[in-house]
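Participant: The following comprises the amino acid sequence and a computationally predicted model.
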Amino acid sequence: MTYSRSACPLDCWDACGFQVKKDGADFIVRGDPNHPVTRGFLCRKGQSFLIERAFSADRIRTPLLKTKSGHTPVSWDDALALFAEKIEDTVSTYGPKAIAHYYDSGAGGLLKSLEHRFFNLLGGVTEPVGSLCWAAGLAAVKNDFGRPLCHHPQDILNSDTIVIWGRNVTETNIHLLPFLLEAQKMQKKLVVIDPNLTEIAKKADLYIQIEPATDGFLALALIKILMEKSIPGDLLARCNNYEDLSVIAGRYTSEALADITGVSRDRLHELASLFSAGKTTIYLGYGMQRYYNSGNSIRAINSLAYLSGNVGIAGGGVNYADSFVSGLINKNALFLQHTAKRRYFPKPRFAEHLLQAAEPPVKLLYVSRANPVVTLPNTARTIHAFSAVNFVVCSDTVHTDTTQMADLVLPATTCFEEEDVIFTSMWHRYINYITPVMEPRGEARPEWQVFTALAEQLGLDFPARTAREWLAIALEPLKEFSVDLDGLQHKSLSPTPETDIPWSELIFDTANGKFNLLNEDILLYREKNEFPYLFMTPHPKDAIHSQFQDRLDLGTLPVIYINPKLAEKEKIATGDTVAIISETGRLEGEISVADWVHRKVLFSYEGRPLKYGNTQNIITDDGLTDIGNGTTMYQTYCRIQK
């Protein structure tokens with residue numbers, strides 16, 4: 001039996017291409033050897049965990065209605081009739097904005113977003129804005145460049161210096177690693193900037209250990225050095241706000257910036273010389289997006305790249321996110337965005353807004369592609385907010401802490417049971433086709449088919465098209481770039497060649513076509529005597545947020561990694577049970593002393609389900625970043641108590 005084409009639906013930089021086949025009792029998934037980025041290998045999540053979940057005994061196989069005795073199976077007819085009734089009652093009494101639709105990127109696929117068409121046809125509901133990972137930096141890149149674009153991964157081989165800034169490649173972007181290793185063999189210099197000595201930092205030619213939340217100040221320090229040596233006139237002619245940036249940089253002496261960042265002046269000059277001496281590319285991570293000052297910190301890094309002459313050249317660029325493909329998708333034809341006036345709640349503060357909402361209050365909540373009960377900050381507040389909503393509906397493949405709270409649970413299909421395309425890599429432009437290779441388990445249905453049926457009951461304009469018909473409409477603009485469904489069924493395609501260099505003409509998608517340098521102050525991290533440490537919660541290598549946590553050895557308590565100096569100061573040792581206390585709450589954990597953790601950081605991998613107790617977001621900060629409505633989880637000030 002030959003392999004069928006498929007793809008990974010997870011919210012990951014790599015967006016891998018799969019080859020899938022059923023061989024007797026075995027279901028085999030392997031990396032597509034012809035995919036220019038996947039190159040035939042997969043992480044454990046793609047190789048086995050997705051399949052294990054698809055065949056899991058915990059699969060939700062039928063609609064479930066919460067009763068006094070728990071969730072009870074009901075027919076699809078009854079589930080749809082009840083959901084439709086709740087929608088009609090809510091809209092007629094309060095208006096459509098009394099319906100909230102919370103969604104995220106737990107399962108990728110273009111057709112997953114068709115549910116937006118349904119809610120737009122209602123007139124527009126309440127939705128989240130911003131994100132829990134990339135929102136601040138995305139706003140920064142849009143402000144400075146006009147839109148986010150990345151260089152092809154292969155372009156890294158044209159660089160002289162590669163800067164991995166706050167990106168734990170070996171755990172969250174493993175398909176970048178072969179490109180880095182190949183570049184190092186070609187004598188390219190690898191620089192890693194991170195508060196923690198990550199595995200990729202151990203492979204670096206130069207490791208810069210930075211104080212948490214001071215990334216923007218490091219960029220300012222380097223900009224200050226470049227300014228002292230003068231900036232080429234052709235660059236100054238193609239940018240805005242140079243005088244503003246000069247004033248901002250001038251507020252700090254070189255000594256002050258060295259003190260703020262924890263990087264010596266000699267090391268700052270060494271790093272600045274790398275930016276100006278050759279072609280330097282920057283790969284930014286999303287961890288640094290979880291501080292109060294994240295947006296303007298990224299703007300400072302963008303300005304550093306531009307003023308050092310590393311924008312618009314092969315081997316250069318700031319690689320944060322790429323919207324080239326998503327910008328071509330015929331979204332309005334699918335989602336009818338122009339028909340609706342939506343109400344937006346900032347995602348990191350979604351629970352608080354649910355509780356405070358009036359005119360109208362939220363009475364009906366639908367959750368898809370997400371597990372917000374665990375992934376939103378301030379868990380206690382989130383549980384309180386969701387409990388206060390009259391009726392909660394959730395679509396998912398297996399039970400989560402969010403489905404357990406839902407009044408109605410709808411069984412969704414996995415990527416192996418549906419037809420779709422994946423185009424959502426934040427790093428590369430290859431589009432992957434998903435072929436259904438197995439029948440849906442039980443009565444599971446793709447979410448968009450559920451909303452087709454709901455729309456029919458409510459008399460909304462949601463045509464009963466096939467998946468392929470919807471995809472053809474969505475991909476129509478890509479035909480100009482020789483990308484269509486027929487081609488995607490044979491191999492993953494990109495609408496641009498690997499030699500494409502963003503902004504090569506130094507003409508940007510800004511109001512006047514010029515690059516926008518940083519023109520706002522960066523908020524300075526201030527220590528709090530009562531809460532002297534920061535709590536950081538990245539996702540582990542073998543899980544994404546709350547997904548696949550059941551495959552990890554979670555133990556009785558979450559593990560809290562701390563530096564030996566912090567352990568000595570607090571008189572704590574490996575194996576000790578501690579309480580981590582913040583202004584938000586109290587978390588119990590077990591200590592592991594590790595020299596790779598920054599001395600001011602308490603480090604614990606995120607996503608621990610509530611059923612295990614002590615999930616990390618019990619204590620995380622639920623503030624908003626300076627721009628972009630991002631989360632400030634990493635600026636959770638805390639103390640530790642044995």
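Facilitator: Yep, that arrived. Residues are numbered from 1 along each chain as shown.
Participant: check contacts around Leu257.
Facilitator: Phe217, Leu218, Leu220, Ala221, Lys224, Leu268 (CB atoms under 8 Å, 6 or more residues apart in numbering). The C-beta positions use only the backbone N, C-alpha and C, and glycine is treated the same way.
Participant: Just the buried ones among those, please.
Facilitator: When neighbours are counted using 16 or more other CB atoms under 10 Å, the contacts of Leu257 contain these buried positions: Phe217, Leu218, Leu220, Ala221, Lys224, Leu268.
Participant: leaving aside the residues next to it on the chain, what's closest to the fifth one?
Facilitator: Spatially, and ignoring its direct neighbours in sequence, Lys224 is nearest to Ala249 (4.7 Å; CB to CB, 6 or more residues apart in numbering).
Participant: Could you grab the helix/strand/coil label for the one you found?
Facilitator: Under DSSP: H, G, I helix; E, B strand; the rest coil, the three-state class of Ala249 is helix.
Participant: Could you measure from Leu181 over to Leu624?
Facilitator: Taking CB to CB, to the nearest Å as the criterion, Leu181 is separated from Leu624 by 38 Å.
Participant: what about these two, which has more around it?
Facilitator: Neighbour totals were compared for Leu181 and Leu624, and Leu624 leads with 19 against 11 (other CB atoms under 10 Å).
Participant: Can you tell me how far the more buried one is from Lys347?
Facilitator: 9 Å.
Participant: phi, psi of Phe535?
Facilitator: With angles defined as degrees, to the nearest 10, Phe535 shows backbone torsions of phi -100, psi 120.
Participant: again with Arg343
Facilitator: The phi and psi values for Arg343, taken as degrees, to the nearest 10, are phi -110, psi 140.
Participant: what's it in contact with, if anything?
Facilitator: Taking CB under 8 Å, 6+ apart, we find Arg343 in contact with Lys97, Gly124, Val125, Thr126, Glu127.
Participant: and if we set it to 7 Å?
Facilitator: Arg343 is in contact with Lys97, Thr126, counting by CB atoms under 7 Å, 6 or more residues apart in numbering.
Participant: Who does it form a beta bridge with?
Facilitator: Here Arg343 shows beta-bridge partners Thr126, assigned using DSSP bridges.
Participant: Which stretches in the stretch 351-500 of the chain count as strands?
Facilitator: Using DSSP state E, counting those that start in this stretch, the strands of the stretch 351-500 of the chain run over residues 364-368, 391-396, 408-411, 420-422, 432-434.
Participant: For Asp550, which of those is the nearest?
Facilitator: Within the strands of the stretch 351-500 of the chain, the stretch nearest Asp550 is strand 391-396; the backing value is 13.8 Å (CB to CB).
Participant: so what secondary structure elements neighbour the closest one?
Facilitator: strand 364-368, helix 401-405, strand 408-411 (3 or more CB pairs under 7 Å, 6 or more residues apart in numbering; DSSP states H and E).
Participant: right, and those - which one's nearest Arg551?
Facilitator: Comparing these against Arg551 with CB to CB, the closest turns out to be helix 401-405 (16.5 Å).
Participant: Give me the phi and psi angles of Ile193.
Facilitator: The phi and psi torsions at Ile193 (degrees, to the nearest 10) take the values phi -120, psi 120.
Participant: got the contact list for it?
Facilitator: By CB under 7 Å, 6+ apart, the contact list for Ile193 reads Val163, Trp165, Gly166, Ile208, Ile210, Leu218.
Participant: which one of those residues is nearest Thr537?
Facilitator: Nearest to Thr537 among these, counting by CB to CB, is Gly166 at 14.4 Å.
Participant: what residues are up against that closest one?
Facilitator: Ile193, Asp194, Asp215, Leu284, Gly285, Gly287, Met288.
Participant: picking that back up, out of the contacts of Ile193, which are inside helices?
Facilitator: Under the assignment DSSP state H, the contacts of Ile193 contribute Leu218 to helices.
Participant: Quick check: the gap between Ala314 and Met633.
Facilitator: Counting by CB to CB - Ala314 and Met633 are separated by 36 Å.
Participant: who does the helix ranked longest in the chain touch, helix- and strand-wise?
Facilitator: Secondary structure assigned by DSSP H gives helix 76-94 as the longest helix of the chain. Contacting helix 76-94 under the criterion 3+ CB pairs under 7 Å, 6+ apart are the following elements: strand 364-368, strand 408-411, helix 447-458.
Participant: Looking at the ones you listed, which is nearest to Val74?
Facilitator: Evaluated with CB to CB, those place strand 408-411 nearest to Val74, the distance being 8.4 Å.
Participant: related to what we said a few turns ago, could you dump the buried ones among the contacts of Leu257 to JSON lines with pLDDT and distance to Arg61?
Facilitator: Listed next are the buried ones among the contacts of Leu257 as JSON lines, based on pLDDT from 0 to 100; distance: CB to CB, whole Å:
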{"residue": "Phe217", "pLDDT": "98", "distance to Arg61": "53"}
{"residue": "Leu218", "pLDDT": "98", "distance to Arg61": "52"}
{"residue": "Leu220", "pLDDT": "98", "distance to Arg61": "55"}
{"residue": "Ala221", "pLDDT": "98", "distance to Arg61": "57"}
{"residue": "Lys224", "pLDDT": "97", "distance to Arg61": "61"}
{"residue": "Leu268", "pLDDT": "97", "distance to Arg61": "59"}
